[in-house]
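Chemist: Structural data only, the sequence is not supplied:
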């Protein structure tokens, strides 16, 4: 049934949104800064994977290395850029983030050129066919990887000291520092994890669409923000649910009603509606 | 001002539960209670930050529950905040000049009047002098020590020419000397005819300054009366001691 | 010579544009990364009025400013509900939607834009470059003077209070909603003026002229020059128009340079080159005269 096929699409699309949004949510939750440069890391992840794979020929190495490198770069961004501007008025870190993003995007264009690079891989996952619908290997890949990551994330955040530290900082960083949490390290860690997630998302999308190009971060990143807004800032659970909700809205609205606006506008409309009627998102905490 | 059976809930939490009391013109009433009793929420209800779920609030005979904060401020209710927040990046003088624009903010004269007019400035300096802040007029507000910031907030609220002044824990974090200065300042304000509703934790301070006290606990009013009555009220004692909160000398 | 005048025209237009964003973001603290949309509306409305509906330039001018101001007021409505950080996202989205509107509406010429936009006529003849240069500089001067005058009034006080602390501002009888709408409307009016001047100089406009990158450019100007100051907006606009001409060889790296400018300026000189608290500018407050008067009262 078409419904099931669309549902698979929702799961796949949603997974990508969730991967990006969860990282963003972590960073916003701890730092209260809209890390717009997150989109730049997403694109970086894709390009890094592409290049590393060219060198090593192994997709998995490329994926993991790119995630790690991107994670470090994210943490460096915090250490060497954001940290200096956090004490200024709220506008400043926001604008810095935009500046970082534009710089990154243009750097990609300069280094790799404004072309779309193909990114094809072969993976040992079979086509799954059931009745009238199927799941392609790439779709399966995305679902599996996202699943593993989300489970791992749940584990880390709830069962490890690092995770508890992260949650403490997100709640009240002064208090956390008072009880011995190394706030700077924890924030850097949040950036590391969030950025690694973004890089994985970028890589997966690059493979799925078979194209990697400098501006691939723009629309997807905007939607990631929509997801974070929808789910409630700083709520990871919310981001997960909201990610799939947005994907569902996009897929079904386009497929069934032949929606009159371009698909990307749906995200924007959803965000406007939510910001007006539910400014704290589904699960967010009230901001002071 | 009259507060009539006001209740406020946030989701499942009842922050204020059917509280009623009155403040008469020129009174100095203190609102006390253990942490989380709903005192600041009540302030927020009075000043229009929140709307009561049930009940009404009247001021000067008119109902104010549900009105916008800026309207309520214009009607004559000024307030300070629990965590002191003057306009940090403005100077002390500028902070007081903001509310002096009161009559301009509702119409187009906001485009024609300047805060630099001599009349405004002298009015502002006078208010600062009363608050012992006139020497710091050109210092940036966020650089002042907390005692001065508190007085600045009060002076700023006074510039509105309020009939009722709400003070949220003005003595918090102050030492003996600063508390004394604050007490004198507040009493001077009250003697000029401005009613005052004061939230405070410092029992010694409250007992010394208030003519009447209302006690909240867990959102409900548990006692009301003159200081000596309230201090010997067993429910009040339990509410405080039960939370291991140290009370000051109750015979102050 | 003619080339320098063209640059001068651009500098004037961008000065107006930068000052308009400054009112919204610098004074009132409403961060907008979609200002190019207002610029575009001013341009497109005026262009459509003159090209498609045969309006006279001098009628189209006030109309396009008015309409842009109205749209600005409408766009201010989301700001009332939205936490300030997320206003940025909304403005980016609005920019996107507006540009899409230009691209897909036949009345606005679709993806090929609008051509044949007429120059204003002076004494029966279309303005030439020199005359347009004087015209544009005239408007820029007017904008600078008007906003300077406005910045000494209570409206500026209200804006600053809102930027600092909305709740405290309300407690001071400042209706935050009302003044936010004021900020959006006034800012939009000037952006519309800039759009009008642009369209009627260029003669042809495309949807791509008013995209997100343009919004970034405008933001870079006020950030570099000094957020919250008129002199900063002017400097930023002038620098970012004239410098690229002398550094032609880096034109391919434009966005990269903008990005780096933003990042480094924010780290090292957060208030901008001529900002109030920057090392490159002495501390001056709008109440300086008042301080002197107060000091006199003291003694």
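Modeler: Good, I have the coordinates. These numbers were taken from a predicted model, which means no experiment stands behind them. Numbers count the residues shown, from 1 in each chain, chains lettered A, B, ... in the order given.

Chemist: Strands of the chain, residue ranges please.
Modeler: No chain in the question, so chain A it is. In chain A, the strands defined using DSSP state E lie at A:128-130, A:133-135.

Chemist: Wait, chain C was what I had in mind.
Modeler: Counting by DSSP E, chain C has these strands, from start to end: C:121-122, C:125-126.

Chemist: So what's the model's average confidence on stretch B:117-131?
Modeler: For stretch B:117-131, mean pLDDT is 86.

Chemist: One more: stretch A:7-20?
Modeler: Per-residue scores along stretch A:7-20 average to 89.

Chemist: what's in contact with that stretch?
Modeler: Residues outside stretch A:7-20 that contact it (CB atoms under 8 Å, 6 or more residues apart in numbering or on different chains) are A:38, A:42, A:133, A:135, A:139, A:142-143, A:146, A:149-150, A:197-198, A:200-201, A:204-205, A:208, A:220-221, A:223-224, A:227, A:239-240, A:243-248, A:250-252. Placement of C-beta: from N, CA and C, glycine included.

Chemist: Show me these that map onto helices.
Modeler: In helices, defined here by DSSP state H, the members of the contacts of stretch A:7-20 are A:38, A:42, A:139, A:142-143, A:146, A:149-150, A:197-198, A:200-201, A:204-205, A:208, A:220-221, A:223-224, A:227, A:239-240, A:243-248, A:250-252.

Chemist: quick revisit: quick one: buried ones out of the contacts of stretch A:7-20?
Modeler: Neighbour-count burial (16 or more other CB atoms under 10 Å in any protein chain shown) is assigned, among the contacts of stretch A:7-20, to A:38, A:42, A:133, A:135, A:139, A:142-143, A:146, A:149-150, A:197-198, A:200-201, A:204-205, A:208, A:220-221, A:223-224, A:227, A:239-240, A:243-248, A:250-252.

Chemist: Also near chain B: which of those, exactly?
Modeler: With CB under 8 Å from any CB of the partner chain as the criterion, these include none near chain B.

Chemist: Report the contact partners of residue 198.
Modeler: No chain specified, so I'll use chain A. With CB under 8 Å, 6+ apart, residue A:198 has these contacts: A:19, A:20, A:23, A:24, A:38, A:39, A:41, A:42, A:45, A:70, A:74.

Chemist: that answer is for a different chain, and I need it for chain C
Modeler: So, once contact is read as CB under 8 Å, 6+ apart, residue C:198 ends up touching C:13, C:39, C:42, C:43, C:205, C:209.

Chemist: cutoff 7 Å now
Modeler: Residues in contact with residue C:198 (CB atoms under 7 Å, 6 or more residues apart in numbering or on different chains) are C:13, C:43.

Chemist: Who are the contact partners of the closest residue to chain C within the stretch 151-252 of chain B?
Modeler: Closest to chain C within the stretch 151-252 of chain B is residue B:160: 6.7 Å, counting by CB to the nearest CB. For residue B:160, the contacting residues are B:73, B:78, B:99, B:102, C:172, C:173, by CB under 7 Å, 6+ apart.

Chemist: Next, the residue nearest to residue B:221 when sequence neighbours are not counted: secondary structure please.
Modeler: In space, and not counting its chain neighbours, residue B:221 is closest to residue B:19: 5.0 Å by CB to CB, 6 or more residues apart in numbering or on different chains. Secondary structure assignment for residue B:19 (DSSP: H, G, I helix; E, B strand; the rest coil): strand.

Chemist: Just give the number of residues close to residue B:19.
Modeler: 23 (other CB atoms under 10 Å in any protein chain shown).

Chemist: May I have the phi/psi pair for the nearest residue to residue B:68 once chain neighbours are set aside?
Modeler: For residue B:68, ignoring the flanking residues on the chain, the nearest one in space by CB to CB, 6+ apart is residue B:48 at 5.7 Å. Dihedral pair for residue B:48: phi 90, psi 0, per degrees, to the nearest 10.

Chemist: and residue B:48, what is it in contact with?
Modeler: Shown in contact with residue B:48 (CB under 7 Å, 6+ apart): B:67, B:68, B:69, B:72.

Chemist: residue boundaries of the helices in the stretch 51-200 of chain A?
Modeler: A:59-77, A:83-85, A:91-112, A:137-159, A:161-171, A:173-178, A:183-209 (DSSP state H, counting those that start in this stretch).

Chemist: For chain B, which residues are neighbours of chain C?
Modeler: B:47, B:49, B:68-70, B:73-74, B:79, B:85, B:87-91, B:93-94, B:97-99, B:101-102, B:104-105, B:110-116, B:118, B:121-122, B:125, B:137-138, B:160 (CB under 7 Å from any CB of the partner chain).

Chemist: Now intersect the residues you listed with the helices, please.
Modeler: B:69-70, B:73-74, B:93-94, B:97-99, B:118, B:121-122, B:125.

Chemist: Are any of the residues you listed buried, and if so which?
Modeler: Among those, those classed as buried by 16+ other CB under 10 Å are B:69, B:70, B:73, B:74, B:93, B:94, B:97, B:98, B:99, B:121, B:125.

Chemist: need the helices of the stretch 51-200 of chain A in a markdown table with mean pLDDT, can you?
Modeler: Below are the helices of the stretch 51-200 of chain A laid out as a markdown table (pLDDT from 0 to 100):
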| stretch | mean pLDDT |
| --- | --- |
| helix A:59-77 | 93 |
| helix A:83-85 | 84 |
| helix A:91-112 | 88 |
| helix A:137-159 | 87 |
| helix A:161-171 | 74 |
| helix A:173-178 | 67 |
| helix A:183-209 | 89 |
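
Chemist: Packed most tightly, which of those would that be?
Modeler: helix A:183-209 (a mean of 25; mean count of other CB atoms under 10 Å in any protein chain shown).

Chemist: which residues in chain B form strands?
Modeler: Applying DSSP E to chain B gives strands spanning B:2-10, B:13-22, B:28-32, B:54-59, B:62-63, B:77-79, B:164-168, B:195-199, B:212-217, B:220-225.

Chemist: Just name the most buried of these.
Modeler: Each of the strands of chain B was scored by mean neighbour count; the highest is strand B:77-79, a mean of 26, by mean count of other CB under 10 Å.

Chemist: residues contacting residue C:148?
Modeler: Contacts for residue C:148 (CB under 7 Å, 6+ apart) come out as residue C:230.

Chemist: any idea how far it lies from residue C:230?
Modeler: To residue C:230, residue C:148 is 6 Å away according to CB to CB, to the nearest Å.

Chemist: again with residue B:74
Modeler: For residue B:74, the distance to residue C:230 - CB to CB - is 31 Å.

Chemist: where does the stretch 151-299 of chain C have low pLDDT?
Modeler: Residues of the stretch 151-299 of chain C that meet the criterion pLDDT under 70 lie in C:277-299.

Chemist: Might you enumerate the residues of it proximal to chain A?
Modeler: C:216, C:219, C:223, C:227, C:253, C:255-256, C:258-260, C:262-263, C:266-267, C:270.

Chemist: repeat that for 8 Å
Modeler: Checking the stretch 151-299 of chain C against chain A by CB under 8 Å from any CB, the hits are C:216, C:219, C:223, C:227, C:252-256, C:258-263, C:266-267, C:270.

Chemist: repeat for the stretch 1-150 of chain C
Modeler: Residues of the stretch 1-150 of chain C lying near chain A (CB under 8 Å from any CB): C:25, C:29, C:31, C:33, C:78, C:81-86, C:88-90, C:92-93, C:96-97, C:100.

Chemist: and if we set it to 7 Å?
Modeler: So the stretch 1-150 of chain C meets chain A at C:31, C:33, C:78, C:81-86, C:88-90, C:92-93, C:96-97, C:100 (CB under 7 Å from any CB).

Chemist: Now list the buried members of those residues.
Modeler: C:31, C:33, C:78, C:82, C:84-86, C:88-90, C:92-93, C:96-97, C:100.

Chemist: closest to chain B among the residues you listed?
Modeler: Checking those against chain B with CB to the nearest CB, the nearest one is residue C:84 at 15.5 Å.
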